[in-house]
Structure formats: C-alpha cells, structure tokens
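# attaching a predicted model along with its sequence, questions to come.
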Amino acid sequence: MKVLIVDDSVPARSILRQMIRKLRYETIEAGNGKEALVQLKSHPDIGLILLDWNMPEMNGMELLDALNAKGKTIRKPLIIIVSTESEREKILHAVEKGADEYIMKPFTKEILLEKLAILGIENDTGV
C-alpha cells in the first residue's frame, strides 16, 4: 500500500515516514493540500492519507473539500487526520468532511497502529 503523508512540517513528515516505512508501506509526501492533489493524480493507487490540518496554500479541511468535490473522478483513499487540533467540534467537523480517523499530535507508534487496525489496515510486520 502507498501512504501519502501531507504535512507542511518536514520533521513531522520525517517521523511519519519512518513509522510507515517500518510497517513496510511505501510513502509519498506533500507539503500542503495542493501538492497532495498532484500526488493523488500521479499515484492513483494511494490507499491512505495521513493529513495535517493546518498548512499554507491548502489546509487539510480544504483538501477534504477538494476530494469531495472531485466525487467520482478520483478514488478517495482512507484518511487519518494527524493534527494538533484537539477541540471536539473540530474533530467532528473533520469526520463530517470525510476523515476516517483522527490522531492528535504528539502521538506514539502504538496510537498509529491502533488507528490503522480500526481501519482494517493489516500490520504483519510484528512492529
């Protein structure tokens, strides 16, 4: 499975990349929602997006809107929001817009694994 990591923070992308690669998944990265749309077009086999909320140019919620607007022209992968936003209303808003799960920063590898399991993403690496 290919995982698209969308975050404007290079260190955050690096941490996520290391975690995902240990699970033996391929990673692709984008620094904002606009870059993510380009990557989704170039890699239609992306199965999961790890998406930050606050980014320049196009934030996570704007990307969800764009994916919803594309409708049937683009297959929407599973989406986990990975953000510092922790207000209940914001989390519910993200889910209403199409996020499948939500992880608050900072987080651990165990939290990521738990969210992947909830979404039915197998982890047979023993990690």
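Perfect, I can see it now.

# the helices in the chain, which residues?
Under the criterion DSSP state H, the chain contains helices at 10-22, 33-42, 60-70, 88-96, 109-118.

# tell me which of these lies nearest to residue 78.
helix 109-118 (9.1 Å; C-beta to C-beta). (Each C-beta comes from the backbone N, C-alpha and C, glycine too.)

# now the closest one: average pLDDT?
Averaging pLDDT along helix 109-118 gives 93.

# same check, this time on stretch 54-73
Averaged across stretch 54-73, pLDDT comes to 87.

# show me how far that stretch is from its chain's centre.
Going by C-alpha atoms, centre = their mean, to the nearest Å, the spacing between the C-alpha centre of stretch 54-73 and its chain's C-alpha centre is 12 Å.

# picking up where we left off before, could I get the helices of the chain as CSV with mean neighbour count?
As requested, those are exported to CSV (neighbours: other C-beta atoms under 10 Å):
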stretch, mean neighbour count
helix 10-22, 16
helix 33-42, 17
helix 60-70, 18
helix 88-96, 13
helix 109-118, 15
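
# could you redo those helices as a markdown table and give each row distance to residue 4?
As requested, the helices of the chain are exported to a markdown table (distance: least, C-beta to C-beta, whole Å):
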| stretch | distance to residue 4 |
| --- | --- |
| helix 10-22 | 10 |
| helix 33-42 | 6 |
| helix 60-70 | 10 |
| helix 88-96 | 17 |
| helix 109-118 | 14 |
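
# and the closest residue to residue 1 other than its chain neighbours, how many neighbours?
Distance criterion C-beta to C-beta, 6 or more residues apart in numbering; nearest residue to residue 1, sequence neighbours excluded, is residue 47 at 4.1 Å. If you count neighbours by other C-beta atoms under 10 Å, residue 47 ends up with 16.

# list the contacts for residue 47?
When contacts are counted by C-beta atoms under 8 Å, 6 or more residues apart in numbering, residue 47 touches 1, 2, 3, 77, 78, 121.
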